[in-house]
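Q: Predicted model follows, preceded by the sequence.
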Amino acid sequence: MEDIYIGGKKPMDDNSTAEDIYITPRRRQQSAYTPPEEPFYPDEEPENEPEEPEEERPKKKKKSKFFRRIRAIILVAALLIGLLTGMVYHTFSSVNYNETGHGENVFLDEDKLMQSTSVKNILLIGVDRRNPDESSRSDTMLLVSLNTKTGKIKLTSFMRDTYVYIPERQKNAKLNAACTWGGAQMVMDTVEYNFNIKIDHYMLVDFTMFEDIINGLDGVDVEVTDKEAKYMREKVHLKNVQAGESVHLNGKEALWYCRIRALDSDFMRTRRQRKVMTALIEKVKKTNPFELYELTGEIVSLIETDMSPATLTSLAVNGLFRYLHYDIEQGSVPAEGTWQSKKISGQSVLSVDLGENREYLEEFIYE
């Protein structure tokens, strides 16, 4: 750094006597202390960022309230469903639960039976059992197949006069004899053995309960032909039954309508049973859930089943929100053209082609 002179001239050498004065400025030392920078917090908004417009703030508040309401509605719905499920479970706790009523079929390899994770087969067995402690031949064997993949309910009647092999007795007989000899377990074993179809559960009911269900729903509407109406008036003495496309039947009338056999054949009898079952399902769809709950409480103790209260609760809840919206289709075994009427040991029986009926069931139920 150059010197600074006070005066006009710079001395030329060390002997100069000039009176001018000059000074040499000192270098300014930099201070060792450096003031800290302002702290920066990432979560804080920069000071120079524009403020949020005031008109957008109410929108956020409205959105927040909206989501809070949605959460509240979901919570209330969950509580109501939980309460409903608990009530249904309590009702089904009085069912005649036969825990050992559906054992393993020891007469075949169950893994080779026709089955699917999307199909549940429930065998309804109807018996004319006036004495609850008395075994009876099964008057009705109706397989209800719930297919969650296709959204359909398949109703398949098994003719009671079908001549089949009953493995536990190691002999041939009519299908309905299995119920007399071994109850629901032997019926399921026999159906599985002869028709190669997996049965998941069963429900056994008598005709008294059937009447109570129909009466509890204030009757059902079915088509009744002139011959059927005349038969019921003259043979069964039900004077109020008339023919028509939609005839209202009470419990007793519907029961006898299902039992008509002498008028035509067992095939027509089972067809009438499926018609009443379809009408029953349609009536349930239109009935208030609270009325259904009350009716279930009245008749559930009359049902014998291998389904636990928890399983029945799941079935009922799914039925209310799911199965009741399914389409219904009907079929029967033996299928048309797969049987012959024969006389064996003095009995009129249906001799069937088992192979063709197995194929029919596979196509009809599992599609």
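A: Now that the structure is in, tell me what you want to look at. Residues are numbered from 1 along each chain as shown.
Q: Tell me where the stretch 151-300 of the chain has helices.
A: In the stretch 151-300 of the chain, the helices defined using DSSP state H, counting those that start in this stretch lie at 177-195, 207-216, 226-234, 251-259, 266-285, 289-299.
Q: Out of these, flag the one nearest residue 339.
A: The closest of these to residue 339 is helix 266-285. By Cβ to Cβ, the value is 9.6 Å. The way it works is simple: take the backbone N, C-alpha and C, and place the C-beta from them, glycine included.
Q: other SSEs contacting the closest one?
A: strand 138-147, strand 152-158, strand 220-224, helix 251-259, strand 327-333 (3 or more Cβ pairs under 8 Å, 6 or more residues apart in numbering; DSSP states H and E).
Q: and of the helices of the stretch 151-300 of the chain, who's closest to residue 305?
A: helix 177-195 (8.7 Å).
Q: any idea whether residue 100 is helix, strand or coil?
A: With DSSP: H, G, I helix; E, B strand; the rest coil as the basis, residue 100 sits in coil.
Q: What's the separation between it and residue 186?
A: Distance, residue 100 to residue 186, by Cβ to Cβ, to the nearest Å: 14 Å.
Q: For these two, indicate the residue with more neighbours.
A: Using other Cβ atoms under 10 Å as the criterion, residue 100 and residue 186 rank with residue 186 on top: 18 against 7.
Q: was I right about the more buried one contacting residue 178?
A: Yes - with contacts counted by Cβ atoms under 8 Å, residue 186 reaches residue 178, the gap being 4.4 Å.
Q: So for those two, which residues contact both of them?
A: residue 166 (Cβ atoms under 8 Å, 6 or more residues apart in numbering).
Q: ok so, going back, include distance to residue 322 and mean pLDDT when you put the helices of the stretch 151-300 of the chain into TSV, please.
A: Below are the helices of the stretch 151-300 of the chain laid out as TSV (distance: least, Cβ to Cβ, whole Å; pLDDT from 0 to 100):
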stretch	distance to residue 322	mean pLDDT
helix 177-195	25	95
helix 207-216	21	89
helix 226-234	34	95
helix 251-259	26	94
helix 266-285	12	92
helix 289-299	14	87
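Q: Distance to residue 96 added to those helices, as JSON lines?
A: Converted to JSON lines, the helices of the stretch 151-300 of the chain look like this (distance: least, Cβ to Cβ, whole Å):
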{"stretch": "helix 177-195", "distance to residue 96": "11"}
{"stretch": "helix 207-216", "distance to residue 96": "11"}
{"stretch": "helix 226-234", "distance to residue 96": "31"}
{"stretch": "helix 251-259", "distance to residue 96": "21"}
{"stretch": "helix 266-285", "distance to residue 96": "21"}
{"stretch": "helix 289-299", "distance to residue 96": "11"}
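Q: and of the ones you listed, who's closest to residue 155?
A: Once the helices of the stretch 151-300 of the chain are compared by Cβ to Cβ, helix 266-285 is nearest, at 5.0 Å.
Q: Based on its surroundings, how many neighbours for residue 367?
A: For residue 367, the neighbour count with other Cβ under 10 Å is 12.
Q: go on, residue 196?
A: Residue 196: 19 surrounding residues under other Cβ under 10 Å.
Q: so it makes contact with residue 113?
A: Yes - using Cβ under 8 Å, residue 196 is in contact with residue 113, at 5.8 Å.
Q: Tell me the pLDDT of the most centrally placed residue in the chain.
A: Among the residues of the chain, residue 318 comes closest to the average C-alpha position under Cα atoms, centre = their mean, at 3.4 Å. Looking at residue 318, its pLDDT reads 86.
Q: Under a three-state scheme, what state does it occupy?
A: With three-state DSSP as the basis, the three-state label of residue 318 is helix.
Q: measure it to residue 87 for me?
A: 16 Å.
Q: still on that earlier bit, can you redo the helices and strands packed on helix 266-285 as a markdown table with mean neighbour count?
A: Below are the helices and strands packed on helix 266-285 laid out as a markdown table (neighbours: other Cβ atoms under 10 Å):
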| stretch | mean neighbour count |
| --- | --- |
| strand 138-147 | 22 |
| strand 152-158 | 22 |
| strand 220-224 | 20 |
| helix 251-259 | 21 |
| strand 327-333 | 18 |
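Q: Just name the shakiest helix or strand of the protein by mean pLDDT.
A: strand 4-6 (a mean of 51; mean pLDDT, DSSP states H and E).
Q: mind pulling up the phi and psi values for residue 346?
A: phi 80, psi 0 (degrees, to the nearest 10).
Q: who's in contact with it?
A: For residue 346, no contacting residues are found, by Cβ under 8 Å, 6+ apart.
Q: Pull up the gap between it and residue 320, please.
A: 49 Å.
Q: now residue 106
A: Residue 106 is 37 Å from residue 320, by Cβ to Cβ.
Q: Name the residue in those two with the higher neighbour count.
A: Using other Cβ under 10 Å as the criterion, residue 106 and residue 320 rank with residue 320 on top: 17 against 9.
Q: can you count the residues close to the nearest residue to residue 220 once chain neighbours are set aside?
A: Among residues not flanking residue 220 along the chain, residue 279 sits closest, at 4.1 Å (Cβ to Cβ, 6 or more residues apart in numbering). The number of residues packed around residue 279, counting by other Cβ under 10 Å, is 20.
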